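J.: give the three-dimensional model of this entry:
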Amino acid sequence: MEELERRFGSHLRLSEKERVGIQIAEEECGELWKGSQFTMVARVLTNRVVHREGFIGVFSRLWRGVNGVSIKEIGDRRFLVRFSNKQDKLRVLDMEPWTYRESLVVLAETRSGTNVREVEPCLSTLWVQLHGIPPFNMTTMIARKIGSLVGRVLKIDQVEGEECIDRFLRVRIQLDVEQPLMRGAFI
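T.: Numbers count the residues shown, from 1 in each chain. Alright, predicted model coming up:
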């Protein structure tokens, strides 16, 4: 209510009944909230128009799982994605990054009670290659240390029990897409 009063200023005068309002418990919503814990917001990073039907059609096919997926437009270049189970949601997150018409699609998980229209996805998960590292320095510790310069290290590509010696190191990183990419760093 304070938000409305602030937005409309002194021109808004609510009666006592309007001020009290009502509260609706989650269990009173029944089927509406079913699967809400498996919800994400998808944002297409582009300045071009994103056609709702096109996006929904493509990603409904790509992301359908055991019981399908529900995708609704909730704003300009933003979509609400609801899965019916945790496995389908985790599968989609594990397969990041996603693109739509050559533009990155950024996903953000939501929690119950969150206003999904206010969620602003800005973290994306990518595999990053680290080149120019001397062969005997290609270890998981070095990969983690260098990768942490770029973003939050989630995984290091390696054969179980062995170090990472190859042509380059591969690190799965979560980074803020609103920040400029690093071009390099001195080690």
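J.: next, the buried residues of stretch 175-187.
T.: Across stretch 175-187, burial judged by 16 or more other Cβ atoms under 10 Å covers 175, 177. For every residue, glycine as well, the C-beta is placed using N, CA and C.
J.: I misspoke; the intended subject was stretch 44-55.
T.: 44, 45, 50, 55.
J.: per the record, what domains does the chain have?
T.: 31-121, 124-176 (automatic domain parsing).
J.: tabulate the ones you listed in a markdown table, adding columns for distance to residue 22 and mean pLDDT.
T.: Shown next, in a markdown table, are the domains of the chain (distance: least, Cβ to Cβ, whole Å; pLDDT from 0 to 100):
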| stretch | distance to residue 22 | mean pLDDT |
| --- | --- | --- |
| domain 31-121 | 16 | 88 |
| domain 124-176 | 39 | 85 |
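J.: in CSV: those, plus distance to residue 182.
T.: Shown next, in CSV, are the domains of the chain (distance: least, Cβ to Cβ, whole Å):
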stretch, distance to residue 182
domain 31-121, 17
domain 124-176, 6
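J.: what's the closest of the ones you listed to residue 185?
T.: Closest approach to residue 185 among the domains of the chain (Cβ to Cβ): domain 124-176, 5.4 Å.
J.: the most centrally placed residue in the chain is in what secondary structure piece?
T.: Geometric centre of the chain, nearest residue: residue 107, 2.0 Å, by Cα atoms, centre = their mean. Residue 107 is located in strand 103-109, with elements delineated by DSSP states H and E.
J.: name the next helix or strand downstream of that strand, please.
T.: With DSSP H and E setting the assignment, the helix or strand that follows strand 103-109 is strand 123-130.
J.: how about that following strand: buried residues?
T.: Neighbour counts over strand 123-130 (16+ other Cβ under 10 Å) mark 123, 124, 125, 126, 128, 130 as buried.
J.: name every strand pairing with it and say which way it goes.
T.: Under the criterion DSSP bridges, strand 123-130 sits next to strand 169-176 (antiparallel) in its sheet.
J.: by how many degrees do the partner strand and strand 103-109 diverge?
T.: 70 degrees (axes from the mean of the first three to the mean of the last three Cα atoms, to 10 degrees).
J.: can you offset everything so residue one is 5?
T.: Will do, 5 is the new start, and the previous item becomes strand 173-180.
J.: which outside residues touch strand 173-180?
T.: 126-134, 137, 142, 146-148, 150-151, 154-161, 168 (Cβ atoms under 8 Å, 6 or more residues apart in numbering).
J.: go again using 7 Å as the cut-off
T.: For strand 173-180, the external contacting residues (Cβ atoms under 7 Å, 6 or more residues apart in numbering) are 126-134, 137, 142, 147, 151, 154-161.
J.: again with stretch 65-75
T.: For stretch 65-75, using Cβ under 7 Å, 6+ apart, the contacting residues are 60, 63-64, 83, 85-89, 91-92, 95-96.
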